[in-house]
Each structure stands twice: as structure tokens, then as C-alpha cells.
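[1] Predicted model follows, preceded by the sequence.
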Amino acid sequence: WVLETACEQITAWADRTQTSSLSIAVNISALQFRQPEFVQQVLSALSRTGANPKNLRLELTESMLVEDIEEVIAKMTELRSHGLRFSLDDFGTGYSSLAYLKRLSLDRLKIDRSFVRDILADSTSRAIAQTIISLGKAMGLSVIAEGVETEEQRSLLTALGCHSFQGFLFSHPLPLDQFHAFLKGFAKSKNPR
């Protein structure tokens, strides 16, 4: 249902200038990803809705990489060949091998909120965030920090080289109609007339 709804929303946004380039990220559970029909389910949802696959980002967690990495790579490669993009969520909190990381068809790493939460007071969290940012740059991956709640966290992450953020500093989760109003307000604040 979540995947289908995300694809429907991508299609609904496609004709609007303000929303046509927005992507929607969908968290995929390890159980869901391991289903034999998973790739076909994703491709069918895209086909039924007419959604642009480049505007759909599937977020995987490191725990998925523990079992049958070859299957994970094969499914990612097939979906990526259709234009889908992938993020590795909660990066740095699991036990995945960096050798696996270089074989995955990723576009983005996400700095886990536990590191962001402590980034101002804990030098280890700051060092881990910096390492993830550096690793992402070296691998040609974008990096996004999740759980950004204060301007101080955002400023420090920017200084470290991270330029994409998500968190309560920007907005709490919103119903769709409130999200559209938020976007309009955001656009007006960026382009006052």
C-alpha cells in the first residue's frame, strides 16, 4: 500500500512545476525485500501508476546486507536498471562490510539520527558523521543527515560538508494538504515578491 501510494503521489506531482522534481523515499523492510516477487511488485506499482522511477527512492537498512548479499545486489541492480534510486538508511549503526558497500547500487548514505543528536557535544559522533560524509563524497554518493532538530546541528553538518537534511528543524510529518501549503510557504520565503 505504501509503495503504491507513493507512486500515485509521484504521478500526481508530475504535472506541477513546484513538485515535479520531488522524490519520495519508501523504507523497505528486510522481509519485504527478500520476497521473491519484490522486484516485480515495485515494477508493477510503477507501471500501474505511471510514476517516474527516478522520483522513487527505496531506503534499505544495513541489516539487509547481513543475509545473501548476492540476492540484494541482483535485486538492486535490476531495479536500478529501471531508473530507481537507493539510499542506505541508518548508515553506521549496523555491521555491514565496506566491501559490500562498494558493490551496492547506492545513490545516497543517510547519517543516522543517533549521531546527529549528539554531534554538538560528542566528538565521536562528530567524527563518525565526518567519516560518513567523506566516504560518501569519495564514492560519489550524496549524503543526508536525518533527525536534524536545531540550527546548530544543521550549521555544523554544513561545515562538515553535508548539504541535505531531514528532521523537525524543517517540519514535522504533515498530511498531504498541509504539505502542499508548507511547500507554497517555502517557495514564497525563497522568492519574496
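    Looks like it came in fine.

[2] Show the subsequent helix or strand relative to the least confident helix or strand in the chain by mean pLDDT.
    Ranked by mean pLDDT, DSSP states H and E, the weakest helix or strand in the chain is helix 98-101, scoring a mean of 77. Once helix 98-101 ends, the next helix or strand along the chain (criterion: DSSP states H and E) is strand 108-111.

[3] if we can go back for a sec, got a list of contacts for the least confident helix or strand of the chain?
    Contacts of helix 98-101 with the rest of the structure, by Cβ atoms under 8 Å, 6 or more residues apart in numbering, involve 65, 69, 88, 139. (C-beta placed from N, C-alpha, C; glycine too.)

[4] Put the alpha carbons of it into CSV.
    Backbone C-alpha positions of helix 98-101 (Å, rounded to 0.1, in the frame of the first residue of the first chain) are rendered in CSV as follows:
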residue,chain,number,x,y,z
LEU,A,98,32.7,-1.8,3.5
ALA,A,99,33.5,-4.4,0.9
TYR,A,100,29.7,-4.9,0.4
LEU,A,101,29.1,-1.2,0.3
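
[5] buried stuff in that helix?
    Within helix 98-101, the residues scored as buried using 16 or more other Cβ atoms under 10 Å are Leu101.

[6] Tell me how far it lies from the chain's centre.
    19 Å (Cα atoms, centre = their mean, to the nearest Å).

[7] can you check stretch 4-24 too?
    16 Å.

[8] Touching it from outside, list them.
    26, 45-46, 48-52, 54-57, 85, 176, 183-184, 187.

[9] Next step: those residues restricted to strands.
    26, 56-57, 85 (DSSP state E).

[10] Counting by contacts, list what the longest helix anywhere in the chain packs against.
    Identified as the longest helix of the chain according to DSSP state H is helix 123-139. Here helix 123-139 is seen to pack against strand 108-111, helix 113-117, strand 142-146, helix 151-160 when contacts are counted using 3 or more Cβ pairs under 8 Å, 6 or more residues apart in numbering; DSSP states H and E.
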